[in-house]
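J.: what's the 3D shape of this:
(2 chains)
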Amino acid sequence: QQQVKQSPQSLIVQKGGIPIINCAYENTAFDYFPWYQQFPGKGPALLIAIRPDVSEKKEGRFTISFNKSAKQFSLHIMDSQPGDSATYFCAASKGGSEKLVFGKGMKLTVNP
Amino acid sequence: GAGVSQSPRYKVAKRGQDVALRCDPISGHVSLFWYQQALGQGPEFLTYFQNEAQLDKSGLPSDRFFAERPEGSVSTLKIQRTQQEDSAVYLCASSLGLGPSTDTQYFGPGTRLTVL
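T.: Numbers count the residues shown, from 1 in each chain, chains lettered A, B, ... in the order given. You can find the predicted model right below:
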């Protein structure tokens, strides 16, 4: 059973576009929801994270929207740039200090 | 400052060989995690240490996989009698692990294991 479902699997946008990546989770015990960015040959790097006590969090060009009742959260990338081309993973954990459960990832391509 | 480092970065093993993968976490980080990432997939949890104690090994796929962190810093993931299905990138992550505000897991670059 996949506990964190991510969509779409891939996305191509033009520079300046606003890609949106969606995730849905099953386990209501999850209370920490990070997004990671991974470039080829590198480890995942944390972009932004949210806890269920807020519905939105913004850091620079990255915004997380969180809907606790629907058990869904999404990442918006404002004014996307070619350098944002990477694979993006949503994840979830219980208590934050425990293991992360990852989605399958979304490969983003931002064309110049 | 130095991040999480892993060695070797690449390892090619013949089926049946034993391998050892090393992780050097960020200095002072209490929590250490190992994940396995198959090609085109998200990382999957293998095991978790808090200092030298292995608190969760529920993700280890078989008894051929063994991890240790004897002094609460460097960790080694050992795979015995490697099989082709073990081919993947093995990621190590560490976090300060002192409470909710210190939960961020910082990942190393991974070790790409190829079993022929």
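
J.: drop to CA atoms for contacts and neighbour counts, all remaining ones
T.: Will do.

J.: bridging residues for A:Ser7?
T.: A:Asn22 (DSSP bridges).

J.: kindly check the end-to-end length of stretch B:79-97 for me.
T.: One end of stretch B:79-97 sits 27 Å from the other (Cα to Cα, to the nearest Å).

J.: list the buried residues of it.
T.: B:79-80, B:82-83, B:86-97 (16 or more other Cα atoms under 10 Å in any protein chain shown).

J.: for A:Gly83, phi and psi?
T.: phi -70, psi -10 (degrees, to the nearest 10).

J.: and it, what is it in contact with?
T.: Applying Cα atoms under 8 Å, 6 or more residues apart in numbering or on different chains, we find A:Gly83 in contact with A:Val110.

J.: and the residue lying closest to B:Glu85 once chain neighbours are set aside, how many neighbours?
T.: Spatial nearest neighbour of B:Glu85, excluding adjacent residues (Cα to Cα, 6 or more residues apart in numbering or on different chains): B:Val115 at 7.8 Å. Residues lying near B:Val115 (other Cα atoms under 10 Å in any protein chain shown) number 18.

J.: could you do A:Gln2 as well?
T.: When neighbours are counted by other Cα under 10 Å, A:Gln2 registers 11.

J.: and the pLDDT for residue 53?
T.: In the absence of a named chain, this looks at chain A. With respect to pLDDT, A:Asp53 scores 89.

J.: nope, chain B
T.: pLDDT, B:Ala53: 95.

J.: quick check: it vs B:Gln17, distance?
T.: Relative to B:Gln17, and taking Cα to Cα, B:Ala53 is found at 27 Å.

J.: same check on A:Lys107?
T.: If you go by Cα to Cα, the gap between A:Lys107 and B:Gln17 works out to 34 Å.

J.: which of the two has more neighbours?
T.: A:Lys107 (19 against 13).

J.: nearest to the spatial middle of chain B, which residue is it?
T.: Centroid check for chain B by Cα atoms, centre = their mean gives B:Trp34 as the closest residue, at 3.1 Å.

J.: check contacts around that residue.
T.: B:Trp34 sits next to B:45-48, B:90-93 when contact means Cα under 8 Å, 6+ apart.

J.: again with A:Leu47
T.: A:Leu47 touches A:34-37, A:62, counting by Cα under 8 Å, 6+ apart.

J.: same check on A:Thr63?
T.: Counted by Cα under 8 Å, 6+ apart, A:Thr63 has contacts A:48, A:56-57, A:75-77.

J.: so which bits of chain A are right by chain B?
T.: For chain A, the residues in contact with chain B (Cα under 8 Å from any Cα of the partner chain) are A:41-46, A:89, A:95-97, A:99-105.

J.: write a PyMOL command that selects only the buried members of those residues.
T.: Buried residues among the residues of chain A next to chain B (16+ other Cα under 10 Å), as a PyMOL selection:
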select buried, chain A and resi 43+44+45+46+89+96+97+99+100+101+102+103+104+105
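
J.: burial check on residue 51, number of neighbours?
T.: Went with chain A since none was named. A:Arg51: 19 neighbours (other Cα under 10 Å).

J.: nope, chain B
T.: There are 19 residues near B:Asn51, going by other Cα under 10 Å.

J.: which parts of stretch A:12-31 are buried?
T.: Quick answer for stretch A:12-31 (16+ other Cα under 10 Å): A:13, A:15, A:18-25, A:30-31.
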